[in-house]
Every structure is written in structure tokens, then in C-alpha cells.
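Visitor: dropping a prediction and its sequence here:
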Amino acid sequence: MKTKYYILAVLLFCANCLFAQDIKFVASVSKNEVGTGEQFELTFSVNGNGDHFSPPNLSRFVVLSGPNQSTSMTSINGNTTVSNSISYVLMAAKEGDYIIGPAFVIVNGSRLATNGIRLKVVKGQPVQQQNNQGQSTQDNSVMEGNTADISKSLFLRAATNKTTVYQGEQLSLNYRLYTRVGIVDSRVDKLPDLNGFYNEDVKTPQQQRVQWRTETYKGSKYNVADVKQTILFAEHSGNIKIDPFEMTFIARLAAPSRDIMDQFFGDYKDVKYQAKSIPLVIHVKPLPEAGKPAGFAGAVGHFTIETTVDKTELKANESLNYQIKISGSGNIKLLKALTVNFPPDFEKYDPKVTDTVTENENGVTGSRIYNYLLIPRHQGNYTIDPVQFSYFNPVTQKYVSVSSKSFQVKVNKGLAEKNVTSLAADNQRDVKLLAKDIRYIKTGRADLSTAGDPFYGSVWYVLLLAAGPLLCVAAFVYRNWNRKNNSDVVKVKNRRAGKEAAKHLANAEKQLASKNTKEFYDAIFKGMYGYLSDKLNLSAADLNKETIASNLKLRAVNDQLISKLLDTLDLCEMGRYAPVTLSEQEVFEKAKSIINEIENEI
């Protein structure tokens, strides 16, 4: 008996481990062998929520579409899994064996990396060589653009089909590119976080290229293309901000020339320009309390319900499949588990949930199917009651309740051998299955506890009884400490500044080992600017050398260190586009030393 108590205590202590979920970040391609000119899809998936996604270098391929982001939720037998994926549609231009490097993402504070993927490209259709991403940005003829000159001819615009919605109501978010100049190359710099929304990206078919059209905006005609389309579902009420979508373009502009031949045929220059959309604010109204049904579980949209059974007559102990299908448009993937009342004599298993949905510019439509496995244990006539389902219709602004039909199920007597719980001995009769399973009386010493060795009142009993309140008090104290510790946003950013800088420096060290000079200087540059932004509580728009120097002086940082910092920033910015006098290792040690000295002085 004491051994059993020890086992019980260990099981209770390790109960939380049952709910742990292994986070996996994997990469996959639709084909491992493709021909030149043939399209394929590269997908990065993580079974959780991650941020700071860093893709691999895709400059050896033509990027036809992407990054396309999607989120899915699957529930099977009561276990719910959330999966996020980012995909690219690529095309290979040259034959050969390629290795697609790892991508990186931050999940719960840990940095995860995908596996490398081998890809074989064989001879296929000839591909016209173009300035692909990464090539045009390295061309020495590309110049930095004047924002004021280009902003009226090339810009991004975020548009939604509605700006006021109910909580859980779907709305369409479309990022559109407006241009009156030629575009040689483009890349996505930053995807919006979409905090406060559950989102589903509208995927473009692989064979479909970007569709250009002509629109008149504010009195001027533009060539317009949809860059990214997403369906949003507000998770809470209030005003929710949609962050900007940022891209970098290589624009081809007409350039004046004194040469008569250039004037006749036309001359041009390629200009690098960074664009971002204007933030949007969505006004989210809470669902009304008036008229809310008792069984309402958060469904918003327009739905219908249908139930089916695969048989209405069967024998006891045979299986029966009962299916509930919810169809319509709205937050289908956010539907909660349904409450279904089955006869008491029916043994019920957790349902298998299957989603079949379609995302397009009009929203999310489709169905969710709950498939229950039922086993009636006894003979008789039974009724499966109707299922009640309620949802809120944002068009009519009213709650709607729908009901499925009921089913009459006849259960006949099962086979004789299935109604016997055990084999009978010579001097015993068969035991029949009645309202309960009846078994023979067990003779001999049973494994029972004695009066002198009780569990109640023992040391283990007292410890387990006291563990609950103590854990509750500890959780309450930790919650209050965590809230207080994270209430000041400025202090939180100040504390994490060093950690963020360390991540970028680690990436820079890795690029240094791989001899990727441009990526090395990019990592150093981003690491130092990101560190200064968090440490000095400055936004990216206000982050320039004059502001950095003045803020460091206010914090009593010595002038020599400030001058050393500004020289290093200039060196990193120069190193991204041209060779510098110092070696990369010296630049790395210098940046690391500067950050440590600033940490010591502030």
C-alpha cells in the first residue's frame, strides 16, 4: 500500500507534464526535383505562435509569390493544435543541385531553425535571366531615391471592406500597390503583426501571376496590383490598430540626358525606395447582450446545421456514426465544441473534427464536421435529441438559433456470446449483461487496505492537501509580481535591449563565419540600432545620429564613447554597400565592446 502512495504522489507531481507540447519548426517543398521554369512551393510551418521570422536566402530562385502567411486550428478528440505557416512560390532559373538554407523563428523566447532542403533542378523550359531579388540591390547603379519625388508615383495602401465590425465578425484586409513608374525588383521588409486579430491569408494559386489593373486614385491614374490579402476576425472589442506593411522597391525612373541618342531612345536610372502603408484602426463593437441565447458559444456569421446517422437499427455493442455538419460563412475555425445529449446507455467517444474551408476576397466559407462514434450497450428504442446551435448574424444584428432533426434508433439484442462478460465454470451459470455488468464474487484475500494503515491522516495525505492552497498563493504572488514588473513599457524595453542586441550579434558572428559580408554588416547595423531604440526608448522614425547623440549625453555617457558609436554606425552602413578598411572581426569586436560600455554607463 505504501508503494502505491509513492506512485500516486509522483503522478500528481508530474501531472503538468501531460499537457506539454513539443514545438516543431519544419521546412518542406512541394517537389524535390523540378525543371527550369517550373514552379514549386516552399513552406515553413510551426505548431505554435512565433515571431521574428527570418527566411533563408532565396536569391538563386525567382520569387513569384510570397511570403504568404496562414494560420490553422485543428481539434481531434479534444486536443487542439494551432499551426502557422509561411510559404513562397518559387521558380528555378538554372540547372544544378541547390541547398535551401534554414529559416529562423522565435517561439516562447527560444530561437528555432528549420532543416536544410536539397533541391535538384533539371533541364526544362528556358528562363529569361532577370535581375532577381538580391541581385538588383547589389548593383552599383542603384541609387537611393528621394522620398518626396517617388512617394506620389509609388506607394502601398491598406484597404478594408469595413472599418466597424462586431467581435468575431470577418473583414477583408487588402494591401495594394499603386505605381506610375516601372518596377525592376521588390522585396517584403516587414509583415504586420495583426495583434488582436485571428487571421487567414488568401492564397493565390501557384499558376496565377500578379494581376495588374488601372485605377483612378485622388484624380490620378495608377497601375494597381493586390500584394497581400488577409481575412481578419477581431478577438476582442475596442479600437484595434493594424500596423503598416513595408516593402523595398527598385524603381526605374526616366533620367535627363545630354546625349542626343539617349534623348531619342530614352534614358533611365534605377532607384531604391522603401514604402509602407498607413496604419489603420478598426472599431470593434462587443456582441450585444440583449437576446443572447443560453447556449451561444461565439459563432458570428451565417450558418446552417445538419445531422446524419449511418444507421437507425443495429444490435447492441455495434458502432454507430453520428455526424454534425456546420456550414456557412464566418469564423468557422473558431467554433467551440458543441453540447450534444446522447442516451445514457450510449457509450460516446470524443468527436473527430474536420474543417473544409475556402478563403477568398469575399471571406471564409466552408464547413466543420463533428463525427461521433457511439456504441449502444443495451437493447431498446432510443431517441437522439436535436442539436441546438446559435450564432450572431452581423447583417441583421440579431442572434439566430437553428436546430437539427432528431433520430429514432432501434437497438436489437446482440449475439449471445457478446452478452457474456466471462466464461462460466462447470458449476456456475452464465452471467448476462443487465443494466450493469455483474461478475462473480471473488473469494480469497482481496487487495484491500487494513484499518491500521489508512491513507487518510497520513503524511502524504497532509502534504497533498496543503499543496493546493500553497500553489494558489504562490501563483497569486507571481502574477502580481509579473504585472508590476511589466507594467512600465519603457523599463521592459530597456531590460530587453541587451538581449535583442545579443541575438543580432550572434547572427552577425554566424554570417562572419560563413563569410557573408553584406549579411554580416546588416546584422551589426540592425543590432546596434535596435539596441539603441529599446535602450533610449526611441521609435524607428526618430532614430538618427543626432537624436542618439543627444539622448546619450542626457544619460551622462562620455563624448569619447558617443563618437566611437557614431563612427561604428557609419562604418557598418558603408560596409553594407562598399569595402571598408577594418576587418569584419574588428568591426564585430568593436560593436560588442560599445554595447557593453553603454550598458555599464547607463
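Guide: In hand now; what should we look at? Residues are numbered from 1 along each chain as shown.
Visitor: hmm, Cys572 is touching Tyr521, no?
Guide: Yes - Cys572 is within contact range of Tyr521, at 5.2 Å (criterion: CB atoms under 8 Å). Using the backbone N, CA and C atoms, a C-beta is placed for each residue, glycine as well.
Visitor: just give me the neighbour total for Phe314.
Guide: Actually, residue 314 is Leu. It isn't Phe. 19 (other CB atoms under 10 Å).
Visitor: any idea how far Ala93 is from it?
Guide: Look at Leu314 and Ala93: by CB to CB, to the nearest Å, they are 61 Å apart.
Visitor: touching both of Cys572 and Tyr521, which residues are there?
Guide: Val587 (CB atoms under 8 Å, 6 or more residues apart in numbering).
Visitor: so what's the spatially most central residue of the chain bridging to?
Guide: Closest residue to the average C-alpha location of the chain: Asn84 at 3.7 Å, with CA atoms, centre = their mean. When assigned by DSSP bridges, Asn84 has beta-bridge partners Val46, Thr71.
Visitor: do you know the pLDDT at it?
Guide: Asn84 is assigned 79 on the pLDDT scale.
Visitor: again with Lys325
Guide: 93.
Visitor: and what about Lys94, helix, strand or coil?
Guide: On the three-state scheme (DSSP: H, G, I helix; E, B strand; the rest coil), Lys94 is labelled coil.
Visitor: what's the spacing between it and Gly37?
Guide: In terms of CB to CB, Lys94 sits 11 Å off from Gly37.
Visitor: the two: which is more packed in?
Guide: Gly37 (16 against 11).
Visitor: figure out the helix or strand that that one lives in.
Guide: Gly37 belongs to no helix or strand when elements are defined using DSSP states H and E.
Visitor: the closest residue to Asp97 other than its chain neighbours sits in which helix or strand?
Guide: In space, Asp97 comes closest to Lys120 once its chain neighbours are excluded; the distance is 5.5 Å by CB to CB, 6 or more residues apart in numbering. Secondary structure from DSSP H and E places Lys120 in strand 117-122.
Visitor: same check on Gln274?
Guide: strand 268-276.
Visitor: ok, how many other residues are close to the closest residue to Asp243 other than its chain neighbours?
Guide: Nearest non-adjacent residue to Asp243, counting by CB to CB, 6+ apart: Pro192, 4.1 Å away. Neighbours of Pro192 under the rule other CB under 10 Å: 23.
Visitor: surely Pro192 meets Pro244?
Guide: Yes - between Pro192 and Pro244 a contact is recorded at 6.7 Å, counting by CB under 8 Å.
Visitor: quickly list what Tyr273 is bridged to.
Guide: Residues in beta-bridge contact with Tyr273 (DSSP bridges): Phe249.
Visitor: tell me the spacing between it and Thr179.
Guide: 10 Å.
Visitor: those two: which is more packed in?
Guide: Ranked by neighbour count (other CB under 10 Å), Tyr273 and Thr179 place Tyr273 first, with 24 against 19.
Visitor: might one say that that one is in contact with Met247?
Guide: No - counting by CB under 8 Å, Tyr273 does not reach Met247; the two are 9.3 Å apart.
Visitor: mind picking out the helix or strand in this structure with the poorest mean pLDDT?
Guide: Here the helix or strand of the chain ranked lowest by mean pLDDT, DSSP states H and E is helix 260-265, holding a mean of 47.
Visitor: so the residue nearest to Asp243, which state does it fall into?
Guide: Quick answer, by three-state DSSP: Pro192 is coil.
Visitor: identify the residue spatially nearest to Leu505, adjacent ones excluded.
Guide: Nearest non-adjacent residue to Leu505 (CB to CB, 6+ apart): Gly527, at 5.4 Å.
Visitor: on the three-state scheme, the one you found is what?
Guide: From three-state DSSP, the assignment for Gly527 is helix.
Visitor: relative to Tyr521, how far out is it?
Guide: Applying CB to CB to Gly527 and Tyr521 gives a distance of 11 Å.
Visitor: in this structure the residue nearest to the centre of the chain contacts Gly50, no?
Guide: Yes - if you go by CB under 8 Å, Asn84 and Gly50 touch, sitting 6.5 Å apart.
Visitor: for the stretch 1-150 of the chain, give me the ranges with low pLDDT.
Guide: Within the stretch 1-150 of the chain, the stretches with pLDDT under 70 are 1-22, 66, 71-82, 125-149.
Visitor: which residue ranges of it form strands?
Guide: Here the stretch 1-150 of the chain has its strands, by DSSP state E, counting those that start in this stretch, at 25-29, 33-35, 39-46, 51-54, 61-76, 79-92, 96-100, 104-107, 110-113, 117-122, 143-144.
Visitor: dump the first one to CSV, restricted to CA.
Guide: Coordinates of each C-alpha in strand 25-29 appear next as CSV, following Å, rounded to 0.1, in the frame of the first residue of the first chain:
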residue,chain,number,x,y,z
PHE,A,25,9.6,24.3,-36.9
VAL,A,26,10.0,22.5,-40.2
ALA,A,27,10.5,23.4,-43.9
SER,A,28,9.2,21.5,-46.9
VAL,A,29,8.9,21.8,-50.7
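Visitor: so which elements touch that strand?
Guide: strand 39-46, strand 117-122 (3 or more CB pairs under 8 Å, 6 or more residues apart in numbering; DSSP states H and E).
Visitor: among the ones you listed, which is nearest Ala467?
Guide: Across the helices and strands packed on strand 25-29, Ala467 has its closest neighbour in strand 39-46 (34.8 Å, CB to CB).
Visitor: from the contact counts, what lies against that closest one?
Guide: Counting by 3+ CB pairs under 8 Å, 6+ apart, strand 39-46 packs on strand 25-29, strand 79-92, strand 104-107.
Visitor: tell me the angle of it relative to strand 96-100?
Guide: 20 degrees (axes from the mean of the first three to the mean of the last three CA atoms, to 10 degrees).
Visitor: about what we covered before: want to throw the helices and strands packed on strand 39-46 into JSON lines with distance to Glu500?
Guide: JSON lines is the format used below for the helices and strands packed on strand 39-46 (distance: least, CB to CB, whole Å):
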{"stretch": "strand 25-29", "distance to Glu500": "20"}
{"stretch": "strand 79-92", "distance to Glu500": "22"}
{"stretch": "strand 104-107", "distance to Glu500": "10"}
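Visitor: run through this protein and note the low-pLDDT ranges.
Guide: Ranges of the chain meeting pLDDT under 70: 1-22, 66, 71-82, 125-149, 204-210, 255-268, 416-455, 486-497, 540-541, 576-582.
Visitor: mind listing the helices for it?
Guide: Ranges of helices in the chain, per DSSP state H, are 2-13, 147-150, 260-265, 459-485, 489-514, 517-535, 545-554, 559-575, 584-601.
Visitor: identify, out of the ones you listed, the most deeply packed stretch.
Guide: Scoring those by mean neighbour count under mean count of other CB atoms under 10 Å gives helix 517-535 as the most buried, with a mean of 21.
Visitor: so it versus helix 545-554, what angle?
Guide: With the same axes, to 10 degrees defining the directions, helix 517-535 sits at 50 degrees from helix 545-554.
Visitor: only alpha carbons, please: show helix 517-535 as PDB.
Guide: Extracted in PDB, the C-alpha atoms of helix 517-535 (Å, rounded to 0.1, in the frame of the first residue of the first chain):
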ATOM      1  CA  THR A 517      29.900  40.200 -45.800                       C
ATOM      2  CA  LYS A 518      26.600  42.000 -46.600                       C
ATOM      3  CA  GLU A 519      24.500  39.900 -44.200                       C
ATOM      4  CA  PHE A 520      27.200  40.500 -41.500                       C
ATOM      5  CA  TYR A 521      27.000  44.300 -41.700                       C
ATOM      6  CA  ASP A 522      23.200  44.100 -41.900                       C
ATOM      7  CA  ALA A 523      23.100  42.200 -38.700                       C
ATOM      8  CA  ILE A 524      25.500  44.500 -36.900                       C
ATOM      9  CA  PHE A 525      23.600  47.600 -38.200                       C
ATOM     10  CA  LYS A 526      20.200  46.300 -37.100                       C
ATOM     11  CA  GLY A 527      21.600  45.000 -33.800                       C
ATOM     12  CA  MET A 528      23.000  48.400 -32.800                       C
ATOM     13  CA  TYR A 529      20.000  50.500 -34.000                       C
ATOM     14  CA  GLY A 530      17.600  48.000 -32.300                       C
ATOM     15  CA  TYR A 531      19.600  48.200 -29.100                       C
ATOM     16  CA  LEU A 532      19.600  52.000 -29.100                       C
ATOM     17  CA  SER A 533      15.900  52.100 -29.900                       C
ATOM     18  CA  ASP A 534      15.000  50.000 -26.900                       C
ATOM     19  CA  LYS A 535      17.600  51.400 -24.500                       C
END
